[in-house]
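A.B. asks: what follows is a predicted protein model with its sequence.
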Amino acid sequence: MRLENFNFVNVELLPEKIANALRSAIVEGSLAPGTRLVETELTHQFNVSRIPLREAFRVLEGEGLINIIPHRGAVVSLLRDDEIVELFKVRALFESFAVECLTENPDAEVFKKLETIIAQMRLAVSSEDVSSYYSLAAEFHAALIAEARNTVLTNQYGQIKGKLSRYQAALSRLPDSPKKSIAEHSKIVRYIKAGDKALAAQATKQHIEDLINRYLNSRIKEIKIDTSSVGKSTKNKIALAQV
């Protein structure tokens, strides 16, 4: 568990700060799916009592990032194929609506902001800085929602943002996914600037559908590799038994 020791000052904000620190570690993969969050270890690392830690656990449980299991405690929730499909379909609805709003209310400053983020993403990819790329990609999508300036949309998107972040981070680590995503982001901005609401929304939905497919294809490859390893292991055991 790669977490630094903390010394939080404002006691009233302890649960929120603890939740933020744990959320970041889960999204970035430092706390892997299935990892048990041991209260005694975390209270020492954060230099806090169990009360604010448990409040932070409840926040993260509400976001779906951890599961609190009787007699075992808090455990980082697993990434699930069915969950990414459900989440990203909802995300597609939210973000396609957001780009329609941006198309209806063109703003040169917003276009400049989105294009600047894309330029920074290209630099991150060229320098193979996956961490910076992920942060910038998250910033791009957050900007689409924020600049739509629809309070209901912003609040509803915030409800799934925590879960989304984990899958977005996993996708940023897939080979070639960042390059493909940058091209897709550029297309979205191009249609927004052109004032073509239908094409902007379609490009957004297609981008998210492609993300789902890239993730699921990577999972299929992982399963094939695992199956192959099991097969080899079984064959070796049989061979040894025959000696």
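C.D. replies: Noted; the coordinates are in hand. None of the values given here were measured: they were computed from a predicted structure.
A.B. asks: quick one: the helices in the protein?
C.D. replies: With DSSP state H, the ranges of helices along the chain come out as 14-28, 39-46, 50-62, 81-104, 108-126, 130-148, 151-172, 177-194, 197-242.
A.B. asks: and the nearest residue to S181 once chain neighbours are set aside, what's its pLDDT?
C.D. replies: Distances taken as C-beta to C-beta, 6 or more residues apart in numbering place A137 nearest to S181, at 6.4 Å, with adjacent residues excluded. All C-beta spots, glycine's among them, are computed from the backbone N, C-alpha and C. A137 is assigned a pLDDT of 92 by the prediction.
A.B. asks: now do the one 10 residues further on
C.D. replies: On pLDDT, E147 comes in at 96.
A.B. asks: next one: the one 3 residues further on
C.D. replies: Per-residue pLDDT puts N150 at 96.
A.B. asks: residues touching it, list them.
C.D. replies: By C-beta atoms under 8 Å, 6 or more residues apart in numbering, N150 lies in contact with 97-98, 101.
A.B. asks: contacts only, for the most centrally placed residue in the chain.
C.D. replies: Note on the chain: the residue nearest the mean C-alpha position is S165, at 1.9 Å, using C-alpha atoms, centre = their mean. Contact analysis of S165 by C-beta under 8 Å, 6+ apart lists 23, 27, 138.
A.B. asks: what domains does the record give for the chain?
C.D. replies: As recorded under automatic domain parsing, the domains making up the chain are 11-76, 81-225.
A.B. asks: how far away is the residue nearest to S181 from A92?
C.D. replies: 16 Å (C-beta to C-beta, to the nearest Å).
A.B. asks: same question, L136
C.D. replies: Distance, L136 to A92, by C-beta to C-beta: 20 Å.
A.B. asks: neighbour-wise, which of these two wins?
C.D. replies: For the pair L136 and A92, the greater number of neighbours falls to L136 (24 against 19), based on other C-beta atoms under 10 Å.
A.B. asks: hmm, that one is touching R122, no?
C.D. replies: No. Taking contacts as C-beta atoms under 8 Å, L136 lies outside contact range of R122: 9.5 Å.
A.B. asks: run through this structure and note the low-pLDDT ranges.
C.D. replies: Applying pLDDT under 70 to the chain flags residues 1-12, 221-243.
A.B. asks: go again using 50 as the cut-off
C.D. replies: Scanning the chain for pLDDT under 50 picks out 230, 233-243.
A.B. asks: thinking again about what came up before, among the contacts of N150, which one has the most neighbours?
C.D. replies: For those, neighbours tallied by other C-beta under 10 Å; top is A98, 26 neighbours.
A.B. asks: and that residue, what does it touch?
C.D. replies: 144-145, 147-148, 150, 153, 204.
A.B. asks: in the residues you listed, find the pair that's most separated.
C.D. replies: Maximum pairwise distance in the contacts of A98, criterion C-beta to C-beta, is 15.2 Å, between N150 and T204.
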